[in-house]
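Peer 1: With the sequence up front, the predicted model follows.
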Amino acid sequence: MEILSFTLIYLFTMNLLAYILMGIDKKRSKNNEWRISEKTLWSVSVIGGAIGTLVAMKYFRHKTKHASFKYGIPLICVTHIVIFFYSVI
């Protein structure tokens, strides 16, 4: 049970971080300010924040025209969900 608790806390934290980073990047894009690199956004998504990135994409309407984000992030979400449920069961 301890590993499950750690995993849930980790995933919550990574998804919250991904959501916040996407929001910051969207705000900066509107203001023509220094942006968060796509590499950073992808990295956070791959290591556990894909669902947060996907939710932020929909909420902020950010990176939705980029095919790599439009199709890649949902694919990573499905992969994360499958891995999570496979490891819990």
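Peer 2: On my side now, so go ahead.
Peer 1: What residues does residue 14 make contact with?
Peer 2: By CB atoms under 8 Å, 6 or more residues apart in numbering, residue 14 lies in contact with 44, 47-49, 52. C-beta: built from backbone N, CA, C; applies to glycine.
Peer 1: of all those, which two lie farthest apart?
Peer 2: 47 and 52 (11.4 Å; CB to CB).
Peer 1: Between those two, which is the more surrounded one?
Peer 2: residue 52 (25 against 13; other CB atoms under 10 Å).
Peer 1: buried residues in the strand or helix carrying that one?
Peer 2: If you go by DSSP states H and E, residue 52 is part of helix 50-60. Buried residues in helix 50-60, counting neighbours by 16 or more other CB atoms under 10 Å, are found at 50-57, 60.
Peer 1: quick one on the thing from earlier: which one of the contacts of residue 14 sits closest to residue 2?
Peer 2: residue 48 (18.1 Å).
Peer 1: can you count the residues close to that closest one?
Peer 2: Other residues close to residue 48 by other CB under 10 Å number 20.
Peer 1: If we go by neighbour counts, what in the biggest helix by length in the chain is buried?
Peer 2: With secondary structure taken from DSSP state H, the chain has its longest helix at helix 2-30. Going by neighbour count (16+ other CB under 10 Å), the buried part of helix 2-30 is 11, 14-15, 17-19, 21-22, 25-26.
Peer 1: Centre of the chain to the helix holding residue 52, how far?
Peer 2: With CA atoms, centre = their mean, to the nearest Å as the basis, helix 50-60 stands 6 Å off its chain's centre.
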